[in-house]
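Trainee: Let's see this in three dimensions:
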Amino acid sequence: MSGTQPDVTVVIGAYEAMPYLIDCLASVEAQSIGPERFEVIAVDDGSTDGTGEYLEEFAARAAMPVRVLRQRNSGGPSGPRNVGLGLATGRYVFFLDADDRLGVEALERLVAMGDRAGTDVVLGRVEGVNRNAPQSMWRRTEERVDVFSSNIKYTLSAQKLFRRSLLERHGMRFDESLWTGEDALFTMEAYLRADGVSVVADYTCYYLVGRSDGKHVTKTGGYLPRFDSARALMRLIAEHVPEGERRDLLMVRPFRVTLLPQFGPRYLEDSKEVRRHKLELAGPLLDAYWTEGVARRLKVHERLRLHLVAERRHRLLPAVVEFVAAEKEPEAHLEDGGTRVYLAYPYFRKWWARVPDAVYLAEPSEARSVPGYRGKRKPAAKPVRPS
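Mentor: As a prediction, the model looks like this:
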């Protein structure tokens, strides 16, 4: 590059990535941005399947600068990403998983958007290949959004374009103590610190590939890392956002995506000891961050389960989980002229259960599908005092 700073550094953390790595690197080589405008830093995290050797072969033939580092296995994606980030020289950094691949115009479009909008994070449309991918944030291309006014909080994976000066200014790195959810923590912090976020929705920039061999970079380690992840993300949000509606809006994400599944169908298969431990881990998180603002943004069955955990009504929880796992439809109770809908999940108006009616009250987004629902009643207008 003759001393010219690259526009973007692509950081690839790789572990046992063959044969997926072949398509991944082919997508890097095919980038329309041109080899003079980007560099690749690839970190082999102790692979034994030829991943490191293939990376070195690629580096020897590639038109763009490629640096390969090989290290002992670190146990997760944070270590390799941090190594690559520490060596990056590009104006932007893009984290690419070694079993996924880029759209041909991905880097060119993402960099162009970041430069045009002056934003610090750019999201490119993601498409799943043999696996699900986030969808709600790709409705339209937007030059400038934030984490409060959009659905970007539901895509917290690391596969995005980050302005490197943002990361360096705040000393941002991936938390190597987390076995899962490290990317959510990193990306949420970037969203909260960023001078704007852009969304490229009219082109598939990233193909999220589902592996058929069961090998993944991240080790899940059971339920404990999920609670560690939820705790870290909740603390981060609380540190950056004062109490109130905006914090509640963001807290929905760790409650719904990370904590709630621990009290889903798998809870019915847990031993008594595991159930007890999950409830002990969840209690302090609900004490600290569970609010009416979070609760009303959840569906009734989600709210009910977390309410029971928060109130230490543990003996009531299995029946609710069984009802939800069986995909039963609760009876709908329309009241106040069809302006209020209560969904009669287990214990609804059972005096001995002592669960408030408010827990069963469906918000408009959930009540809309109930026949006869007339919409939330608007408050009466205040009379205008004559002049």
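Trainee: From what I see, residue 299 and residue 366 are in contact.
Mentor: Yes - between residue 299 and residue 366 there is a contact under Cβ atoms under 8 Å: 5.5 Å. C-beta coordinates here come from the backbone N, C-alpha and C atoms, glycine included.
Trainee: for the stretch 51-200 of the chain, which spans come out with low pLDDT?
Mentor: The model of the stretch 51-200 of the chain has no residue with pLDDT under 70.
Trainee: can you map out the helices along it?
Mentor: 51-61, 78-87, 106-117, 164-169, 182-193 (DSSP state H, counting those that start in this stretch).
Trainee: Packing partners of the fourth one?
Mentor: Just to be clear, that refers to helix 164-169. strand 92-97, helix 182-193 (3 or more Cβ pairs under 8 Å, 6 or more residues apart in numbering; DSSP states H and E).
Trainee: just these: most buried one?
Mentor: strand 92-97 (a mean of 25; mean count of other Cβ atoms under 10 Å).
Trainee: how big is the angle separating it from helix 106-117?
Mentor: 150 degrees (axes from the mean of the first three to the mean of the last three Cα atoms, to 10 degrees).
Trainee: May I have the residues that are in contact with the most centrally placed residue in the chain?
Mentor: Taking Cα atoms, centre = their mean, the centroid of the chain lies closest to residue 156, which sits 3.2 Å from it. With contact taken as Cβ atoms under 8 Å, 6 or more residues apart in numbering, residue 156 is in contact with 183-184, 187-188, 253.
Trainee: Without its sequence neighbours, what residue ends up closest to it?
Mentor: Among residues not flanking residue 156 along the chain, residue 184 sits closest, at 3.8 Å (Cβ to Cβ, 6 or more residues apart in numbering).
Trainee: Can you give me every residue that contacts that neighbour?
Mentor: 156-157, 229, 233, 254, 258 are the contacts of residue 184 under Cβ under 8 Å, 6+ apart.
Trainee: One more: residue 231?
Mentor: Contact analysis of residue 231 by Cβ under 8 Å, 6+ apart lists residue 285.
Trainee: quick check: domain ranges of the protein?
Mentor: 8-209, 224-326 (automatic domain parsing).
Trainee: Looking at the last one now, give me its mean pLDDT.
Mentor: Meaning domain 224-326. Domain 224-326 carries an average pLDDT of 97.
Trainee: so how far is that domain from its chain's centroid?
Mentor: Domain 224-326 has its C-alpha centroid displaced from the chain centroid by 16 Å (Cα atoms, centre = their mean, to the nearest Å).
Trainee: Start and end of that domain, how far apart?
Mentor: Using Cα to Cα, to the nearest Å, the end-to-end distance of domain 224-326 comes out at 26 Å.
Trainee: Stretch 363-372 too?
Mentor: Start to finish, the residues bounding stretch 363-372 are 15 Å apart (Cα to Cα).
Trainee: circling back: which stretch among the helices and strands packed on helix 164-169 approaches residue 345 most closely?
Mentor: For the helices and strands packed on helix 164-169, the distance to residue 345 is smallest for helix 182-193, at 28.9 Å, taking Cβ to Cβ.
Trainee: how big is the angle separating that closest one from helix 78-87?
Mentor: Interaxial angle, helix 182-193 versus helix 78-87 (the same axes, to 10 degrees): 40 degrees.
Trainee: thinking again about what came up before, save the contacts of residue 156 as JSON lines, and put in distance to residue 177 too.
Mentor: What follows is these, written out as JSON lines (distance: Cβ to Cβ, whole Å):
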{"residue": "183", "distance to residue 177": "14"}
{"residue": "184", "distance to residue 177": "14"}
{"residue": "187", "distance to residue 177": "17"}
{"residue": "188", "distance to residue 177": "16"}
{"residue": "253", "distance to residue 177": "21"}
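Trainee: Would you map the strands across this structure?
Mentor: Applying DSSP state E to the chain gives strands spanning 8-14, 38-45, 66-71, 92-97, 101-102, 121-129, 142-145, 161-163, 197-209, 331-335, 340-344.
Trainee: gap between the first one and the chain center?
Mentor: For strand 8-14, the distance from its own C-alpha centre to the chain's C-alpha centre is 20 Å (Cα atoms, centre = their mean).
Trainee: if I look at the closest residue to residue 270 other than its chain neighbours, how far off is residue 36?
Mentor: Distance criterion Cβ to Cβ, 6+ apart; nearest residue to residue 270, sequence neighbours excluded, is residue 278 at 7.0 Å. Distance check for residue 278 against residue 36: by Cβ to Cβ, to the nearest Å, it reads 53 Å.
Trainee: More neighbours: which of the two?
Mentor: Neighbours of residue 278 and residue 36, each counted by other Cβ atoms under 10 Å, are more numerous for residue 278; the result is 22 against 14.
Trainee: hang on, isn't that one packed against residue 263?
Mentor: Yes - with contact defined as Cβ under 8 Å, residue 278 and residue 263 form a contacting pair (7.3 Å).
Trainee: wouldn't residue 240 be in contact with residue 192 here?
Mentor: Yes - using Cβ under 8 Å, residue 240 is in contact with residue 192, at 4.6 Å.
Trainee: what's around residue 127, how many residues?
Mentor: Residues contacting residue 127 under the criterion other Cβ under 10 Å number 14.
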